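K.L.:
Give me a 3D structure for the following:
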Amino acid sequence: MDSVRLDVWLDVACLFKTRSEAQRACRGGKVDVNGHAARQNREIRPGDVIEITRPAGRRQRVVVKALADRHIPKAEARALYEDTTPPPSPEEQAMLDLLRQAGPPRLPSGAPDRRERRRIRRDKENW
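P.N.:
Numbering: from 1, shown residues only. Next up is the predicted model:
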């Protein structure tokens with residue numbers, strides 16, 4: 001095997017949870033191969049440099065060391081690439097720590113409960 005589809009390799013190397021998630025990232029312009037935006041059907045070879053834009057603007061950079069087109073254990077999957085991502089700067093690390101402490105954003109509940117529905121109905125009647 002001398003080349004593999006990008007989306008398949010990203011899934012097998014455990015850089016994305018699923019192949020469809022890797023395809024969405026490629027379509028969204030979040031994946032670059034050798035400095036150029038890459039589509040999901042791009043063939044990759046050992047030695048290619050892949051940059052993935054992660055949440056909060058972080059860019060993960062990996063160098064392809066080996067190819068695989070079938071799922072393998074996660075420990076073996078890590079041997080498919082070398083992660084050359086530079087560590088975050090102190091400012092970036094402080095921001096990541098703050099975001100982690102804040103937790104996930106809380107959205108207001110979708111549907112009103114019984115008490116809220118009664119208040120809305122009263123307000124409409126009195127309007």
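K.L.:
Name the nearest residue to L67, ignoring sequence neighbours.
P.N.:
V4 (4.8 Å; CB to CB, 6 or more residues apart in numbering). Quick note: C-beta positions are derived from backbone N, CA and C, even for glycine.
K.L.:
can you give me the strands for the protein?
P.N.:
Taking DSSP state E as the criterion, the chain carries its strands at 4-5, 31-33, 36-37, 43-44, 49-53, 59-64, 81-83.
K.L.:
What is the second one packed up against?
P.N.:
When contacts are defined as 3 or more CB pairs under 8 Å, 6 or more residues apart in numbering; DSSP states H and E, strand 31-33 packs onto helix 6-12, strand 49-53.
K.L.:
now this structure, which segments are flagged as low pLDDT?
P.N.:
For the chain, applying pLDDT under 70 flags the ranges 106-109.
K.L.:
what residue is smack in the middle of it?
P.N.:
Nearest to the centroid of the C-alpha atoms of the chain, with distances taken as CA atoms, centre = their mean, sits R54, at 5.3 Å.
K.L.:
Now for the closest residue to R45 other than its chain neighbours, how many residues are close by?
P.N.:
Computed as CB to CB, 6+ apart, the closest residue to R45 that is not its neighbour in sequence is S3, at 5.2 Å. The number of residues packed near S3 is 14, by other CB atoms under 10 Å.
K.L.:
I figured S3 was touching V64, is that so?
P.N.:
No - with contact defined as CB atoms under 8 Å, S3 does not count as touching V64 (10.2 Å).
K.L.:
joint contacts of the two?
P.N.:
44-45 (CB atoms under 8 Å, 6 or more residues apart in numbering).
K.L.:
Burial check on the residue nearest to C26 when sequence neighbours are not counted, number of neighbours?
P.N.:
Excluding the flanking residues, the one nearest C26 by CB to CB, 6+ apart is Q40, at 4.0 Å. Close neighbours of Q40, defined as other CB under 10 Å, add up to 18.
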